[in-house]
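*Asks:* The following comprises the amino acid sequence and a computationally predicted model.
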Amino acid sequence: MTLFRAPRSLAVLLLVAAALATAQPARAQVRIVDDRGQAVTLPAPARRIVSLTPSLSEAVCAIGACDRLVGVDRYASWPASVLALPKVGSVDHPQVEGIVALKPDLVLLKPRSKVADQLESLGIPVLALDAKTHADVRRVMQTLAVAVGRPGAGDAPWQRIEKNLAVAAARVPPAWSGARVYFEVHGASAAGEASFIGETLARLGLKNIVPAASGPFARVNPEFVVRADPDLLMASAHSELIAMTGRPGWSRMKAIRGSQTCAFAPDRLDVMMRPGPRLDEAADEVVACLARLSTRLP
């Protein structure tokens with residue numbers, strides 16, 4: 001029996017084609033399960049990203065993919081390069097037409113965002129991510145690294161954060177080691193032990209009077225704070241510290257009597273309140289305040 005043999009020239013062409021296919025593989029799909037529990041499949045690593053959350057924009061830049069951002073929400077402020085990008089509203093009030101006009105291949109937002117379904121119905125992939133703890137910040141950066149086709153790119157920035165947190169902890173004045181602290185956010189909502197802010201305070205050796213069982217950010221009874229009588233009061237703004245002094249019984253607390261309080265300048269508030277790659281900078285802000293207060297201790 002005679003077997004069919006391809007002409008030599010055809011056989012060579014087939015071998016060349018196979019070699020080229022091996023040398024230049026098609027861009028692999030990217031599959032990620034987001035914080036909605038939904039599998040998000042991208043035909044290729046994301047190259048045109050719109051972010052509707054400042055902390056996610058910061059995370060994209062932290063992993064070295066700032067050039068992939070083509071649009072951000074109106075609160076995005078870091079790094080400086082994002083200020084020049086088109087603004088497309090906010091996570092609560094997104095400008096859908098503006099997002100579509102940017103032709104993104106991925107939109108980043110938080111879970112439960114009302115615009116997610118609308119964008120997906122238009123054929124725009126959506127990745128919903130949310131960071132509530134330090135571990136979440138690390139996970140989000142690692143997830144975004146996969147989304148942009150750079151697996152592992154989130155490791156270096158996280159190692160930097162960890163190193164800088166340890167350095168900040170070593171700089172806490174001894175007099176404040178183990179001090180009991182109450183950190184208020186936007187009026188009577190406290191950053192408890194379970195919050196990313198609470199974790200930063202713990203890394204600095206401070207004791208949060210609001211237990212993890214109360215949740216990350218809890219509405220706290222003012223009488224609870226008076227009874228706890230913390231050594232240190234922190235607030236996200238000076239105006240909030242002033243308001244504290246007028247609450248019934250609060251003027252008796254040792255932190256207020258001794259002016260052992262910290263508030264953060266408006267231009268640094270984003271650092272304190274965003275669960276992103278600047279956690280170490282937030283720690284530095286706390287340590288700087290403790291250092292200032294130490295000069296007033298007897």
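*Replies:* In hand now; what should we look at? Numbers count the residues shown, from 1 in each chain.

*Asks:* The longest strand anywhere in the chain pairs with which strands?
*Replies:* Using DSSP state E to define each element, the chain has its longest strand at strand 180-185. Applying DSSP bridges, strand 180-185 is found paired with strand 189-191 (antiparallel), strand 207-208 (parallel), strand 232-235 (parallel).

*Asks:* Redo those as JSON lines? Include mean neighbour count, mean pLDDT and distance to Ala65.
*Replies:* Using the backbone N, CA and C atoms, a C-beta is placed for each residue, glycine as well. Below are those laid out as JSON lines (neighbours: other C-beta atoms under 10 Å; pLDDT from 0 to 100; distance: least, C-beta to C-beta, whole Å):
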{"stretch": "strand 189-191", "mean neighbour count": "22", "mean pLDDT": "93", "distance to Ala65": "29"}
{"stretch": "strand 207-208", "mean neighbour count": "19", "mean pLDDT": "98", "distance to Ala65": "34"}
{"stretch": "strand 232-235", "mean neighbour count": "24", "mean pLDDT": "95", "distance to Ala65": "33"}
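
*Asks:* Export those as TSV, with columns for distance to Ser81.
*Replies:* Shown next, in TSV, are the strands paired with strand 180-185 (distance: least, C-beta to C-beta, whole Å):
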stretch	distance to Ser81
strand 189-191	29
strand 207-208	35
strand 232-235	31
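
*Asks:* wait, which of those strands is closest to Gln260?
*Replies:* Nearest to Gln260 among the strands paired with strand 180-185 is strand 232-235; the distance by C-beta to C-beta comes to 5.2 Å.

*Asks:* Quick one: residues in contact with that closest one.
*Replies:* 176, 179-185, 206, 241, 244, 253, 255-256, 260-263, 286, 289, 293 (C-beta atoms under 8 Å, 6 or more residues apart in numbering).

*Asks:* can you do 7 Å?
*Replies:* The contact list for strand 232-235 (C-beta atoms under 7 Å, 6 or more residues apart in numbering) reads 179, 181-184, 241, 244, 255-256, 260-263.

*Asks:* Would you pull up how far the longest strand of the chain lies from the middle of the chain?
*Replies:* 21 Å (C-alpha atoms, centre = their mean, to the nearest Å).

*Asks:* Quick check: buried residues in that strand?
*Replies:* Val181, Tyr182, Phe183, Glu184, Val185 (16 or more other C-beta atoms under 10 Å).
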